[in-house]
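Peer 1: What shape does this take:
(chains A and B)
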Amino acid sequence: MKKLLITILVFCFSLTGYAQDKGSILIKDGTLITIANGNMPNTDLLIEDGIITEIGEDISAPRGIETVDASGKYVMPGIIDAHSHIAGVDINEWTNPVTAEVSMEESINPNDINIYWALAGGVTSIHLMHGSANVIGGQNETLKLRYGADMDEMRFEGAPRTIKFALGENPTRVHGQGFDVQPRTRMGVEQVIRDHFDAAIDYKRNHQEYLDAKQDYENGNRSTPPVPVAKNERLEVLVDILEGEVLVHTHSYRADEITMLMRVFNDYGIENYTFQHANEAFKVAPELKKNGAYTSVFADWWAYKFEVYYSTAYNASILNENGVKNSINSDSGELIRHLNHEAAKTVHYGNTSKQDALKMITLNPAVQLGIDEDVGSIEVGKHGDVAIWDGHPLSIYSKTLKTFVDGKKYFDRAEDADDMRLNVDAEQDFDEASGRWYNENGRHSETCLQGAEIRFSKNGMKLQGN
Amino acid sequence: MTKDTEIIMTYLKSTISACLLVLFLGMSAEAQITEKAEFGKFAITNATVHTITSGVVENGTVLIDGEKITDVGTDINIPSGYKQIDGTGKHVYPGFIDSGTQLGLQEIGAVAVTNDQAELGDFNPHVRAFTAINPSSASIPVTRVNGVTNAISMPVSGRLAGKATLIDLYGYSPDSMAVRPNAAIHLNWPTSKKGGWWDDRSDKKVKKEYQADLKELNDFISRAKFYDKMLTDFENNPNNKEQPDMDKKMQAMREVVKGEVPVIISVDAKKDILDVIEWTKNYPDMQFILAGVRDGWRVADEIAEAGLPCLVSTLYTPERDYDNYQRPYQNPGNLHAAGVKVAIATGGVENVRNAPYHAGFAANYGLGQEEALKAITINAAEIFGVDDKLGSIEPGKQANLFIADGDPFEPMNHITDVFIGGNKIPMVSRHIQLYQQYLDRGAKTN
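Peer 2: Numbering: from 1, shown residues only, chains lettered A, B, ... in the order given. Below is the predicted model of the structure:
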């Protein structure tokens, strides 16, 4: 009986310990795309307990550490997707124009097969974002793709908190058009943001005044106890934004709304922010540079709605040339499978250098998520998040061979079975029909509006496209 | 300097700068709006010519006279009057063809008034994409500067969505763009599967509805065949036969039931594909093409045996959670290996320019470079019956071709020149214009 109990306990620990495992591996003779120090041919890379401990020639494997031959292959830092909704359970808390209090931290599905498919494209970290249905949406969660770990173990430990804002058509459509609630216009979007920052400043002051008065009362300098300020989680998160503890990532498209938000942020002293999608960022590249703002854009998506009609696939190259730190993101379970290829398009559109193109899917998104001290390049002391490719990663003919997170192998083409699901759902109808192969009714499904598009009619619940 | 000369100088200066400004504006306006295609005689020299149908010609020359290619080879004397384009270090390919798009039918996805691909009603054989192609769509130049010179553009709604058209991506009217105005008719196969998590129909009901949909389709085709027979009888013998009443839908079906215009059947699930194969055997006089075919790799042998060509893409996620992640990339290769003729169809609108990359993924995952090139050129031309005009670089064919600085499947490479119907088209699109305008904005920041 005791033996059985121990077995069960060991089994349980091994399950929870599964993802916490940090791996060790020696990758020999590859061409290292370090991002930090250029490319290093025929170089060895040693990862011990999840951390890169040595880069150099002729490293011999410490006892017990496995060796992988990467001669003729490329080794690059794991790709980081600064805008993703894979592994998300719910995406949009669409019920109010401002929902800063909600967070994606409890909305993670570690068994989502899309995680494995992303690993197969050399991706090791994602920014799991709240949707774009509201002006100030929920808080996002930065994840490591430890496929099959539990929810807590998926988190990128030490990553700063981030939050989603959204400007333009989505919030004005969902709230103004759908519910007759401000904002109906871009004018309204600005005021919703200012109103809530002002309220947060008042909340903070009132709370401090209460604390001071309470202190006075306790010290006998005041005769009556003060009335406490009711706790307001929404405003507390907004205070954290104002104090620089939460990085803002803003869904935005047009140049005017981008400059609007920079003006607002300057008024409230908010720094270190990223514009997501930002299809018209190229028009205000000098202003973005001046304000130290970052951008995270699609390689070539456009024309799916009016606010992206005056777009250019040269956006990333223009921003890069103007000194704006830019990343290429997917916002899609499909594009995340080949972000290397999306980055290569910046060479096609505007001759961005190969090194800069690779930066846009590694170090730059790491900077935007505040995790660049740990990931985004191959350097001693950084995490062992790397992928081995059979050719230069920007070539359409290259494939990911192996992907490591914290030195632990999560994808290996040589051991890639047909069905890599961890969680088989007995209820799932395996033979559902797919959508049509073309864009039905000409509409892209915008993942950013997932969960909101089916409900936002004021005439009741309505499933679009059904 | 006297006061007067100072005034004159100031005047002159402002006049000169005004003149310069006018000149500059004139130039930029011309570059952005009124730049025309060049049409005439061209000789592309010293290039690697990928003819598709007759191999690769190194140090080759391609002669273009008017609308057509007049010569291809190595020992070609260039007659006088030909404008030479030095192709040293460059590659010439026939223009790429996307075999399934909605290009020209939609301008902005979310703006309903700009969407012309979905007419109301379930049976619309008389509705034509050709009618609604907008030659001024911003997506058309964006697409062709990436080497895609032709596209099938198709209506998409209902059961029989309407007629698809095959167009050149250059021209001032649908008439000047159409290579084959009625290139196919588009049929959405009624699926025997549930639609998704939101589909709460019972299995019995799903089956019943599927059978009802099939019956409706079969009845429609039977009526069309009967109408065609009545009309043919009347045409052959107008004195002794009664003239049937006018029926536009039935009229539009005549070329379909006679097999002159093929039916594109959009179908993805394995069971549905097998059903389609059985179903097509009922109509031996008609021509069929499968499109989408995402489960094609599961039933490739059956499709090959039925002799049905397939229009496929690669950049989508696997159909089922348990499918291997590379199935979409491998599907064209798997189909080809079984003996199916495949062509690339992105299904897109504004990003049809990515058709070469769909082909590139197919090439890399089993189809191979040579076959992938065919899938996006000659195979498409053959499937739609225009291989006398398009799909390869051969004398007598329409001069639809492009010049690239390397393999066009590789996104890091560039397309330098594009010809459509002999027109050397300006390498200008909204995306390029915005790049030129904003790369170095030259204005002060606010």
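
Peer 1: does residue A:217 really touch residue A:211, like I thought?
Peer 2: No. In this structure, residue A:217 sits apart from residue A:211 without contact. The criterion is C-beta atoms under 8 Å, and the distance is 10.6 Å. Placement of C-beta: from N, CA and C, glycine included.

Peer 1: hey, what's in contact with both of the two?
Peer 2: Shared between the contact lists of residue A:217 and residue A:211 (criterion: C-beta atoms under 8 Å, 6 or more residues apart in numbering or on different chains) there are no residues.

Peer 1: Please name the nearest non-neighbouring residue to residue A:315.
Peer 2: residue A:282 (4.7 Å; C-beta to C-beta, 6 or more residues apart in numbering or on different chains).

Peer 1: typed the wrong thing, it's residue A:56
Peer 2: Once flanking residues are discounted, residue A:56 sits nearest to residue A:44: 6.1 Å by C-beta to C-beta, 6+ apart.

Peer 1: Pretty sure that neighbour sits in a strand.
Peer 2: Yes. With DSSP: H, G, I helix; E, B strand; the rest coil as the criterion, residue A:44 is part of a strand.

Peer 1: ok, now which ones touch it?
Peer 2: By C-beta under 8 Å, 6+ apart, the residues touching residue A:44 are A:26, A:27, A:28, A:29, A:30, A:54, A:55, A:56, A:57, A:58, A:59.

Peer 1: From those, list the buried ones, please.
Peer 2: A:26, A:27, A:28, A:29, A:30, A:55, A:59 (16 or more other C-beta atoms under 10 Å in any protein chain shown).

Peer 1: Tell me what the second one is bridged to.
Peer 2: Just to be clear, that refers to residue A:27. residue A:45, residue A:68 (DSSP bridges).

Peer 1: Does it touch residue A:43 like I think?
Peer 2: No. Here residue A:27 does not reach residue A:43: they are 9.1 Å apart, not a contact under C-beta under 8 Å.

Peer 1: which residues are common contacts for those two?
Peer 2: Any residue near both residue A:27 and residue A:43 by C-beta under 8 Å, 6+ apart counts here, and not one turns up.

Peer 1: which parts of stretch A:157-177 are buried?
Peer 2: Along stretch A:157-177, these residues count as buried under the neighbour rule (16+ other C-beta under 10 Å): A:159, A:161-176.

Peer 1: what about it, start to end distance?
Peer 2: Across its full length, stretch A:157-177 reaches 40 Å end to end, with C-alpha to C-alpha, to the nearest Å as the criterion.

Peer 1: coming back round to it: measure the residue nearest to residue A:56 to residue A:293 for me?
Peer 2: 39 Å (C-beta to C-beta, to the nearest Å).

Peer 1: what does residue A:266 give?
Peer 2: Residue A:266 sits 10 Å away from residue A:293 when distances are taken as C-beta to C-beta.

Peer 1: Repeat that for residue A:340.
Peer 2: Residue A:340 is 26 Å from residue A:293, where distance means C-beta to C-beta.

Peer 1: who's more crowded, these two?
Peer 2: Between residue A:340 and residue A:293, residue A:340 has the larger neighbour count (other C-beta atoms under 10 Å in any protein chain shown), namely 27 against 23.

Peer 1: didn't that one look like it was pressed against residue A:396?
Peer 2: No. Checked against C-beta under 8 Å, the pair residue A:340 and residue A:396 is beyond contact range at 9.0 Å.

Peer 1: Tell me who's in contact with residue 85.
Peer 2: With no chain named, the answer covers chain A. Taking C-beta under 8 Å, 6+ apart as the test, what residue A:85 contacts is A:91, A:128, A:129, A:131, A:331, A:333, A:447, A:448, A:450.

Peer 1: nope, chain B please
Peer 2: So residue B:85 contacts B:42, B:43, B:44, B:45, B:403, B:417 (C-beta under 8 Å, 6+ apart).

Peer 1: most neighbours, which of these?
Peer 2: Of all these, the highest neighbour tally under other C-beta under 10 Å goes to residue B:44, namely 26 neighbours.

Peer 1: tell me the phi and psi of that residue?
Peer 2: Note on residue B:44: its backbone torsions stand at phi -90, psi 120 [degrees, to the nearest 10].

Peer 1: From residue A:96, how far off is it?
Peer 2: For residue B:44, the distance to residue A:96 under the criterion C-beta to C-beta works out to 62 Å.

Peer 1: Residue B:101 too?
Peer 2: When C-beta to C-beta is applied, the distance between residue B:101 and residue A:96 equals 40 Å.

Peer 1: what do you get for residue B:362?
Peer 2: The separation that residue B:362 has from residue A:96, given C-beta to C-beta, amounts to 46 Å.

Peer 1: these two touch, right, residue A:274 and residue A:292?
Peer 2: No. Residue A:274 is beyond contact range of residue A:292, at 10.8 Å (criterion: C-beta under 8 Å).

Peer 1: Counting neighbours, go ahead and name the busier of those two.
Peer 2: Under the criterion of other C-beta under 10 Å, the comparison of residue A:274 against residue A:292 puts residue A:274 first, with 27 against 12.

Peer 1: show me where pLDDT drops low in the chain?
Peer 2: Defaulting to chain A. Per-residue confidence of chain A (counting by pLDDT under 70) places the weak regions at A:1-20, A:426-431, A:433-434, A:441-447, A:451-466.

Peer 1: hmm, I had chain B in mind actually
Peer 2: Low-confidence segments of chain B, defined by pLDDT under 70, span residues B:1-34, B:443, B:445-446.

Peer 1: Show the subsequent helix or strand relative to the helix ranked longest in it.
Peer 2: When chain B is scanned for its longest helix (criterion: DSSP state H), the result is helix B:203-236. Proceeding C-terminally, helix B:203-236 gives way to helix B:248-257 as the next helix or strand, assigned by DSSP states H and E.

Peer 1: Can you tell me which helices and strands that following helix packs against?
Peer 2: Counting contacts by 3 or more C-beta pairs under 8 Å, 6 or more residues apart in numbering or on different chains; DSSP states H and E, helix B:248-257 packs against helix B:203-236.

Peer 1: Stretch B:164-172: how far from the chain's middle?
Peer 2: For stretch B:164-172, the distance between its averaged C-alpha position and the chain's averaged C-alpha position is 8 Å (C-alpha atoms, centre = their mean, to the nearest Å).

Peer 1: Repeat that for stretch B:128-144.
Peer 2: Relative to its parent chain, stretch B:128-144 has a centroid offset of 10 Å by C-alpha atoms, centre = their mean.

Peer 1: Would you indicate which residues of that stretch are buried?
Peer 2: Neighbour-count burial for stretch B:128-144, with 16+ other C-beta under 10 Å as criterion, is recorded at B:128-130, B:132-135, B:137-144.

Peer 1: cool, and stretch B:248-263?
Peer 2: Buried residues in stretch B:248-263, counting neighbours by 16+ other C-beta under 10 Å, are found at B:249, B:250, B:251, B:252, B:253, B:254, B:255, B:256, B:257, B:261, B:262, B:263.

Peer 1: List of residues touching it?
Peer 2: Applying C-beta under 8 Å, 6+ apart, the contact partners of stretch B:248-263 are B:123-126, B:163, B:182-187, B:220-221, B:223-225, B:227-228, B:231, B:283, B:285-289, B:383-385.

Peer 1: returning to that earlier point: what subset of the buried residues of stretch B:128-144 is also close to chain A?
Peer 2: Here is what survives when those are matched to chain A using C-beta under 8 Å from any C-beta of the partner chain: B:138, B:139.

Peer 1: Tell me which entries of the buried residues of stretch B:128-144 lie within helices.
Peer 2: Assigned to helices by DSSP H, the following of those qualify: B:129, B:130, B:132, B:139, B:140, B:141, B:142, B:143, B:144.

Peer 1: Hmm, residue B:166 and residue B:386 touching each other?
Peer 2: Yes. Proximity of residue B:386 to residue B:166 meets the contact threshold set by C-beta under 8 Å, at 6.4 Å.

Peer 1: Neighbour count: the two, which is higher?
Peer 2: Set residue B:386 next to residue B:166 and count neighbours by other C-beta under 10 Å: residue B:166 wins out with 28 against 19.
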